[in-house]
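S.K.: show me how the following folds:
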Amino acid sequence: MKRWTIAGRIALLLVMMATLLTGCGGVFDPQGPVAKDQYFLIVLSFGIMFVVMVVVFALFFYTLVRYRKRKGQTGYPEQVEGSHKLEIIWTVIPFIIVMVLGMITVSYTFKADKQTNIEGNMQVKVIAHQFWWEFIYSDLDVRTAQDLVIPENTWITVELESADVVHSFWIPQLAGKMDTNPGMTNKMSFKSDVAGEIFKGKCAELCGASHALMDFKVVTTTADEFDAWVAKMKTPVAITAATEPGSQVFTNQCIGCHAVTVDNVSSGPNLAGFANRDKVAGYRDNTEAYLREWISDPQEMKPGATMPKLPLTDQELDDLVIYLQSLK
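M.R.: Okay, the predicted model is just below:
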């Protein structure tokens with residue numbers, strides 16, 4: 001029975017480790033130079049720890065076998081203590097390991113910081129809200145939300161701020177975590193090596209009831225595709241006979257918090273290009289059904305969100321959904 005208990009504990013430990021690694025899976029598939037540097041530090045530290053573990057376990061089992069109680073042996077074996085040689089060895093070796101890890105980590109930290117301060121980087125201000133992300137392209141006069149679109153092989157410097165509480169900006173496949181703190185600005189840089197990829201971003205700091213739902217996407221494009229995206233975002237969507245009723249509903253009910261042009265400041269997410277976004281509310285597929293559910297009762301889909309429940313008739317809701325799905 002005792003053996004089964006030990007086996008059960010080992011199995012539970014393995015399951016917990018697998019769950020942890022699954023949750024951070026993107027870290028082990030780096031797609032940019034910053035993420036690759038951080039991956040190298042992870043592999044280096046794990047490798048050193050693994051070697052230390054193997055040595056310690058080998059000495060442990062050697063001691064168990066070499067100095068086990070023999071048949072017919074009585075009394076205590078000779079006690080050895082106060083070995084200066086051993087004390088120096090197990091003090092100096094860990095010190096050397098820590099120093100090596102420390103120096104390499106610090107050098108990579110300075111490398112990342114140096115890249116952040118290069119003038120040629122594309123500048124994007126990131127403002128964290130409960131529970132969504134706002135992206136402002138400072139040099140392009142483009143303001144959007146939830147989907148951060150970037151060109152491949154271009155260094156991006158993000159200025160991280162918070163509109164309310166402490167959040168944490170994290171794109172596992174491109175860069176490590178950086179907090180967004182109220183009243184201050186943090187900076188970090190990253191670059192994507194490939195176009196045509198969508199990377200998942202997360203808030204990595206507990207920030208309220210819907211913290212786990214505070215996702216965003218990083219969409220990588222070619223340089224030409226990015227220029228076309230910027231031009232399209234700056235072009236107002238034409239109102240047609242089909243979308244005019246929904247436009248009126250939007251003007252009457254939503255315009256106080258949302259904008260549909262990239263140069264307008266709004267307290268809620270900017271909805272320019274909304275129909276092209278992958279998700280509704282940051283984590284649901286952008287479908288008509290989920291869009292209706294989100295507008296009808298935001299608190300049900302995302303508890304703690306600041307968007308109010310709108311008093312719309314079924315017809316007004318239908319018209320508004322048609323209009324929002326035309327924002328391409």
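
S.K.: which ones are touching residue 228?
M.R.: Under the criterion of CB atoms under 8 Å, 6 or more residues apart in numbering, residue 228 has no contact partners. In this view, the C-beta of every residue, glycine as well, is placed from N, C-alpha and C.

S.K.: mind listing what's buried along whichever strand or helix holds it?
M.R.: Under the criterion of DSSP states H and E, residue 228 resides in helix 223-234. For helix 223-234, the neighbour count (16 or more other CB atoms under 10 Å) marks 225-226, 229-230, 233 as buried.

S.K.: tell me the centre residue of the chain?
M.R.: Among the residues of the chain, residue 170 comes closest to the average C-alpha position under CA atoms, centre = their mean, at 2.7 Å.

S.K.: helix, strand or coil for that residue?
M.R.: In three-state terms, and counting by DSSP: H, G, I helix; E, B strand; the rest coil, residue 170 is strand.

S.K.: for it, list the residues it contacts.
M.R.: Counting by CB under 8 Å, 6+ apart, residue 170 touches 176-178, 201-204.

S.K.: quick one, strands of the stretch 151-300 of the chain?
M.R.: With DSSP state E, counting those that start in this stretch as the criterion, the stretch 151-300 of the chain has strands at 156-162, 167-171, 175-180, 186-190, 198-203, 215-221, 279-280, 284-285.

S.K.: so what strands line up beside the fifth one?
M.R.: In the sheet containing strand 198-203, its partner strands are strand 167-171 (antiparallel), strand 215-221 (antiparallel), by DSSP bridges.

S.K.: any idea how many residues pack against residue 310?
M.R.: 16 (other CB atoms under 10 Å).

S.K.: quick check, it in a helix?
M.R.: No - looking at residue 310 with three-state DSSP, it is coil, so not inside a helix.

S.K.: so it sits against residue 253, correct?
M.R.: Yes - at 5.4 Å, residue 310 counts as touching residue 253 under the criterion of CB atoms under 8 Å.

S.K.: any figure for the gap between residue 301 and residue 279?
M.R.: Per CB to CB, to the nearest Å, residue 301 is found 11 Å from residue 279.

S.K.: next: residue 294.
M.R.: Counting by CB to CB - residue 294 and residue 279 are separated by 10 Å.

S.K.: more crowded one of those two?
M.R.: Ranked by neighbour count (other CB under 10 Å), residue 294 and residue 279 place residue 294 first, with 19 against 16.

S.K.: contacts only, for the more buried one.
M.R.: 280-281, 284, 301-302.

S.K.: report pLDDT for it.
M.R.: pLDDT recorded at residue 294 is 94.

S.K.: kindly report the same for residue 24.
M.R.: Looking at residue 24, its pLDDT reads 52.

S.K.: go on, residue 14?
M.R.: Model confidence at residue 14, given as pLDDT, is 52.

S.K.: give me the neighbour count for residue 141.
M.R.: Residue 141 has 12 nearby residues by other CB under 10 Å.

S.K.: want to throw the strands of the stretch 151-300 of the chain into a markdown table with mean pLDDT?
M.R.: Formatted as a markdown table, the strands of the stretch 151-300 of the chain follow (pLDDT from 0 to 100):
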| stretch | mean pLDDT |
| --- | --- |
| strand 156-162 | 96 |
| strand 167-171 | 97 |
| strand 175-180 | 94 |
| strand 186-190 | 95 |
| strand 198-203 | 94 |
| strand 215-221 | 95 |
| strand 279-280 | 91 |
| strand 284-285 | 91 |
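
S.K.: what residue ranges in the stretch 51-200 of the chain score low on pLDDT?
M.R.: Nowhere does the stretch 51-200 of the chain drop to pLDDT under 70.

S.K.: in it, which spans are helices?
M.R.: Per DSSP state H, counting those that start in this stretch, the stretch 51-200 of the chain carries helices over the ranges 84-116.

S.K.: measure residue 158 to residue 169 for me?
M.R.: Residue 158 is 7 Å from residue 169, by CB to CB.

S.K.: between these two, which contacts overlap?
M.R.: 126, 178, 188.

S.K.: follow-up on the earlier one: out of the strands paired with strand 198-203, the one nearest residue 144 is which?
M.R.: When those are compared by CB to CB, strand 215-221 sits nearest residue 144, at 10.6 Å.

S.K.: using PDB, write out every CA atom in the closest one.
M.R.: Once non-C-alpha atoms are left out, strand 215-221 reads as follows in PDB (Å, rounded to 0.1, in the frame of the first residue of the first chain):
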ATOM      1  CA  ASP A 215      -6.300  37.900 -24.100                       C
ATOM      2  CA  PHE A 216      -5.000  39.600 -27.200                       C
ATOM      3  CA  LYS A 217      -3.500  38.600 -30.500                       C
ATOM      4  CA  VAL A 218      -0.300  39.600 -32.300                       C
ATOM      5  CA  VAL A 219      -0.800  39.400 -36.100                       C
ATOM      6  CA  THR A 220       2.400  39.400 -38.100                       C
ATOM      7  CA  THR A 221       2.400  40.500 -41.800                       C
END
